[in-house]
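Colleague: Pasted the sequence and its predicted model underneath.
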Amino acid sequence: MHRRPGLSARLKLTLSYAGFLLLAGALLLAVVWVFVLRWVPDVHVGSIQRTFGAVIITGPNRSDLLQGFAPAAATALAFLMVFGLLGGWILAGRMLAPLTQIANAARMAANGSLSHRIRLQGREDEFRELADVFDAMLEQLESHVTEQQRFAANASHELRTPLAISQTLLEAARNDPTRDHGELIERLHTVNARAIDLTEALLLLSRADRKSFTREVVDLSLIAEEAIETLLPFAEQRQITLDVTGGKALTLGSAELILRMVTNLVQNAIVHNLPAGGTLTVHTESRHDTSALRVENTGQPVPPDLVPTFIEPFQRGTQRIRTDEHAGVGLGLAIVHSIVRAHGGTLDLAPRPTGGLLVTTRFPGGHAEGVSRHRSRVGPARSVDGPA
């Protein structure tokens, strides 16, 4: 779309300032004319002398004052115009200097440089507020872009690994025709299943980040029961005792995403538990317009300095997850964090003194309407014990 060139903001302010100054001068001269000159009589001294034979008025008349006043008024108006243009140009430049800094920063950001900051000095005013908001936006944008770049690099690495393994297996099978095809197919199935799981996790994470889901009333207690029932066989294999406590906890959000969040938390708590005889408790409650879900498990002691790294994609503590040592793809808690953030909630992770982890999610409270629609999906709450 073609845009017609227009006057700059500085020139507009200059013309406005000069115009108002010229108008004020003209009004002042008009006041002088109306309230001063009108009291001067408009008569000629010569005519009075002929009529009365004597000089009665000795001062100048209106015509004399007008002849002397008009050139001076025109000179004053011309001076005001020049002064207004010059002064307005200087003042407009000083006033618009912060906007120039903001424009330069925006231009640098458009060219890909997000590290520049305005850091406008001076007193608090509208320009200072705008500059601070722009700096905050640049900081968030730079952090988001850096996070996305790191995530893309990790995702590329994780996706390339199963593909490289598949290629290696196929080349080995081609070079060794006598190799057991059953073992090859099983290993290829495992590698491809992991690649599919990773791709689905990436799509889910992207969906949560975009907040592209329909919100409905969801009961966290029912979601917790459904997740526990789904993962019951997995817990029984590891001899983990599962328990669901608490009451109704309503929030607005996507039942599918929240179910995935709770499933990831419970699965993570089962995997990172004691080898046998461990426990896992899921508790839900609602307080002061806030609904909370807590997942607490036993396990090995967790160093507090490693807890913040748990929500980083493709990481477990400070170590990367290896495809041959763990069934997960390294996105479990990252997906949880993304889903919680997309629902306007908070996620807290704290190590338990005796070992294990306590994960607390808090969401804005919802309403009772629509809960029955999701209630039919799960059975009654129950405590589940794995085999001794």
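Modeller: Cool, the structure landed.
Colleague: Grab the nearest non-local neighbour of residue 267.
Modeller: Counting by Cβ to Cβ, 6 or more residues apart in numbering, the nearest residue to residue 267 once its immediate chain neighbours are dropped is residue 231, at 5.9 Å. Bear in mind the C-beta positions are built from the backbone N, C-alpha and C, glycine included.
Colleague: Quick check: that neighbour touching residue 271?
Modeller: No. No contact is recorded between residue 231 and residue 271 when judged using Cβ atoms under 8 Å, the distance being 10.3 Å.
Colleague: more neighbours, these two?
Modeller: Looking at residue 231 and residue 271 with other Cβ atoms under 10 Å, you find the greater number of neighbours at residue 231, namely 20 against 17.
Colleague: who's in contact with the more buried one?
Modeller: Residues touching residue 231, when contacts are defined by Cβ atoms under 8 Å, 6 or more residues apart in numbering, comprise 242, 263, 266, 267, 270.
Colleague: Next one: the residue nearest the centre of the chain relative to residue 114, how far apart?
Modeller: By Cα atoms, centre = their mean, the mean C-alpha position of the chain lies nearest to residue 140, the distance being 6.7 Å. The gap separating residue 140 from residue 114 is 10 Å, by Cβ to Cβ, to the nearest Å.
Colleague: cool, residue 265 as well?
Modeller: 34 Å.
Colleague: between the two, who's got more neighbours?
Modeller: Between residue 265 and residue 114, residue 265 has the larger neighbour count (other Cβ under 10 Å), namely 26 against 19.
Colleague: so which strand or helix has that one?
Modeller: helix 255-271 (DSSP states H and E).
Colleague: So which elements touch that helix?
Modeller: The contact analysis (3 or more Cβ pairs under 8 Å, 6 or more residues apart in numbering; DSSP states H and E) places helix 255-271 against helix 181-210, strand 216-219, helix 220-230, helix 232-237, strand 279-287, strand 290-297, helix 332-342, strand 357-364.
Colleague: okay if I get these as JSON lines plus mean pLDDT, mean neighbour count and distance to residue 149?
Modeller: As requested, the helices and strands packed on helix 255-271 are exported to JSON lines (pLDDT from 0 to 100; neighbours: other Cβ atoms under 10 Å; distance: least, Cβ to Cβ, whole Å):
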{"stretch": "helix 181-210", "mean pLDDT": "75", "mean neighbour count": "15", "distance to residue 149": "14"}
{"stretch": "strand 216-219", "mean pLDDT": "92", "mean neighbour count": "22", "distance to residue 149": "33"}
{"stretch": "helix 220-230", "mean pLDDT": "93", "mean neighbour count": "23", "distance to residue 149": "33"}
{"stretch": "helix 232-237", "mean pLDDT": "90", "mean neighbour count": "15", "distance to residue 149": "35"}
{"stretch": "strand 279-287", "mean pLDDT": "94", "mean neighbour count": "20", "distance to residue 149": "35"}
{"stretch": "strand 290-297", "mean pLDDT": "95", "mean neighbour count": "22", "distance to residue 149": "31"}
{"stretch": "helix 332-342", "mean pLDDT": "85", "mean neighbour count": "23", "distance to residue 149": "15"}
{"stretch": "strand 357-364", "mean pLDDT": "95", "mean neighbour count": "20", "distance to residue 149": "28"}
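Colleague: how about those in a markdown table, adding distance to residue 123?
Modeller: As requested, these are arranged in a markdown table below (distance: least, Cβ to Cβ, whole Å):
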| stretch | distance to residue 123 |
| --- | --- |
| helix 181-210 | 39 |
| strand 216-219 | 48 |
| helix 220-230 | 48 |
| helix 232-237 | 62 |
| strand 279-287 | 43 |
| strand 290-297 | 39 |
| helix 332-342 | 36 |
| strand 357-364 | 38 |
